[in-house]
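Student: All I have is the shape, not the residue letters:
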C-alpha cells in the first residue's frame, strides 16, 4: 500500500485495495486512475467512507 495522503483526500490511508463507486467495484488495475478521476470531479462526490480492516483499505464513494 502506497502512502500518498498529501496528494488525494480519498487516499488518507494510502492507495486503497478496493474502490467501490455507486455500488460498482472498480477493477484492481484501474484504482489509480479512478482516484485521479475522483479528485478531479470532487464536486460531484456526495459522500465517501474509507475503511481499514485487517490492513485492507476500501473506499466507498457515492456521487451525483
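Tutor: Received, thanks. Since the structure is predicted, the reported quantities are computational estimates derived from the model, not experimental observations.

Student: pLDDT at the residue lying closest to residue 56 once chain neighbours are set aside, what is it?
Tutor: Spatial nearest neighbour of residue 56, excluding adjacent residues (CB to CB, 6 or more residues apart in numbering): residue 17 at 5.1 Å. Using the backbone N, CA and C atoms, a C-beta is placed for each residue, glycine as well. With respect to pLDDT, residue 17 scores 96.

Student: Over to residue 17: give its phi and psi.
Tutor: phi -80, psi -30 (degrees, to the nearest 10).

Student: One more: residue 16?
Tutor: phi -60, psi 150.

Student: Enumerate every residue touching it.
Tutor: 10, 31, 35, 50, 57, 58, 59 (CB atoms under 8 Å, 6 or more residues apart in numbering).

Student: I'd like the average pLDDT over the strand or helix carrying residue 32.
Tutor: Using DSSP states H and E, residue 32 maps to helix 31-40. The average pLDDT for helix 31-40 rounds to 93.

Student: residues in contact with it?
Tutor: Here helix 31-40 has contacts from 8-11, 15-16, 18-19, 21, 26, 45, 59, 61, using CB under 8 Å, 6+ apart.

Student: For ChimeraX, what selects the buried ones among those residues?
Tutor: Buried residues among these (16 or more other CB atoms under 10 Å), as a ChimeraX selection:
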select :10,11,15,16,19,21,26,45,59,61
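
Student: Narrow the contacts of helix 31-40 to those in strands?
Tutor: Using DSSP state E, the subset of the contacts of helix 31-40 located in strands is 18, 19, 21, 45, 59, 61.

Student: For the first one, give the beta-bridge partners.
Tutor: Residue 18 has these beta-bridge partners by DSSP bridges: residue 58.

Student: List the contacts of it.
Tutor: Counted by CB under 8 Å, 6+ apart, residue 18 has contacts 25, 26, 31, 56, 57, 58, 59.

Student: out of these, who has the most neighbours?
Tutor: residue 59 (24 neighbours; other CB atoms under 10 Å).

Student: Against residue 10, how distant is the closest residue to that residue other than its chain neighbours?
Tutor: Among residues not flanking residue 59 along the chain, residue 16 sits closest, at 4.2 Å (CB to CB, 6+ apart). Per CB to CB, to the nearest Å, residue 16 is found 8 Å from residue 10.
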